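In: Got a predicted model here, sequence first, then my questions.
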Amino acid sequence: MIRAGGSLRSHGDSRPALLLLPGLNCDEGVWAGQIAALGESVRCRVPRYHDLDSIVAMAHKVLREAPPRFALAGHSMGGRVALEVLRMAPERVSRLALLDTGYEARKAGEPGEQEARQRRHLVELARESGMRAMGAEWVQGMVHPARLADGALIERVLSMIERHTPEGYSAQIRALLERPDAGDVLREIRCPTLIVCGREDAWSPPARHEAMAALIPNSQLVVIEHCGHMSTMEQPAAVTGAMHRWLQQAG
């Protein structure tokens, strides 16, 4: 059973440790709003694992570099990595936040093959035309439709994607296509757990997060209005508010 316990505090720093796990082709930029708002009260770290081609390998790397105890938040693919961290070392995680993510393995049969084709198309586009061109297509379904005209937001997303390479992108896609099912992990979580998603998240819709919340005892689901998949960047204040309340919750 996965339980909370012990201190969040890391040696040499009085602030609690908070690991922020980014998703596909994302880095600290996806958490910029939260780092700025929460950084005085928690010590934020954003692990790097995007050259790896396995969710399990990503989780191992997070744990090798993490302090002994920490709060853990994962966005999109980072949520899947977070669940593998929970599977491997539940005693080290004091609280968990899952944002715009999922827990199931790739579907069998044609639905799974369709996902693979869609993902591989974007990998080929990145190899042939560059990461920014791929990102310009990818982002169409990843933010609230009304935000596609927000040039500043879209530029932040595309600039973040450009910081990655087609080779790293391909590795991450292999990891996602072979992702493990984490339903068994969800059922055993007992630490304070926050689940967040955008109301208009087309990739990981609210229904998926409702299913996760139903599997995690005493979890809290927060749906962010006027928001797509990139919730931490689209609605940073709303996401940060939910995370602040989660960090203050008794463990």
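Out: Everything's here; your move.
In: shaky segments in the stretch 151-251 of the chain?
Out: Across the stretch 151-251 of the chain, residues meeting the criterion (pLDDT under 70) sit at 251.
In: one more time with 80, if that's ok
Out: Within the stretch 151-251 of the chain, the ranges that satisfy pLDDT under 80 run 250-251.
In: Would you map the helices across it?
Out: Shown for the stretch 151-251 of the chain, the helices assigned by DSSP state H, counting those that start in this stretch span residues 151-162, 166-177, 183-188, 206-215, 231-234, 236-248.
In: Quick one: distance of the third one to the chain centre.
Out: Right, the one you point to is helix 183-188. Here the centre of helix 183-188 is set off from its chain's centre by 17 Å, with C-alpha atoms, centre = their mean, to the nearest Å.
In: circling back: which of the helices of the stretch 151-251 of the chain sits most buried?
Out: helix 231-234 (a mean of 28; mean count of other C-beta atoms under 10 Å). In short, each C-beta sits where N, CA and C put it, glycine included.
In: My guess is Gln172 contacts Leu24. True?
Out: Yes. With contacts counted by C-beta atoms under 8 Å, Gln172 reaches Leu24, the gap being 5.3 Å.
In: overlap in contacts of these two?
Out: Met77 (C-beta atoms under 8 Å, 6 or more residues apart in numbering).
In: Give me the contacts around the helix ranked longest in the chain.
Out: In terms of residue count, the longest helix belonging to the chain (DSSP state H) is helix 109-129. Under the criterion C-beta under 8 Å, 6+ apart, residues 106-107, 133-134, 137-138, 166, 169-170, 173, 176-177 lie in contact with helix 109-129.
In: of all these, which comes closest to Gly228?
Out: Trp138 (12.1 Å; C-beta to C-beta).
In: Let me see the backbone angles for the closest one.
Out: According to degrees, to the nearest 10, the main-chain angles of Trp138 amount to phi -60, psi -40.
In: which parts of the top strand by length along the chain are buried?
Out: Among the elements of type strand in the chain, defined by DSSP state E, the one spanning the most residues is strand 13-21. For strand 13-21, burial by neighbour count (16 or more other C-beta atoms under 10 Å) applies to 16-21.
In: Which neighbouring elements make contact with it?
Out: strand 9-10, helix 32-38, strand 43-45, strand 70-75, helix 77-88 (3 or more C-beta pairs under 8 Å, 6 or more residues apart in numbering; DSSP states H and E).
In: what's the pLDDT at the most centrally placed residue in the chain?
Out: Nearest to the mean C-alpha position of the chain, counting by C-alpha atoms, centre = their mean, stands His75 at 1.5 Å. The predicted local distance difference test score for His75 is 98.
In: residues touching it, list them.
Out: For His75, the contacting residues are 20-23, 26, 30-31, 99-101, 231-232, by C-beta under 8 Å, 6+ apart.
In: try 6 Å this time
Out: Contact criterion C-beta atoms under 6 Å, 6 or more residues apart in numbering gives 23, 99-100, 232 as the residues in contact with His75.
In: now do Ser159
Out: If a contact means C-beta under 6 Å, 6+ apart, then Ser159 has no contacts.
In: Next one: it from Met77, what distance?
Out: Counting by C-beta to C-beta, to the nearest Å, the separation of Ser159 from Met77 is 19 Å.
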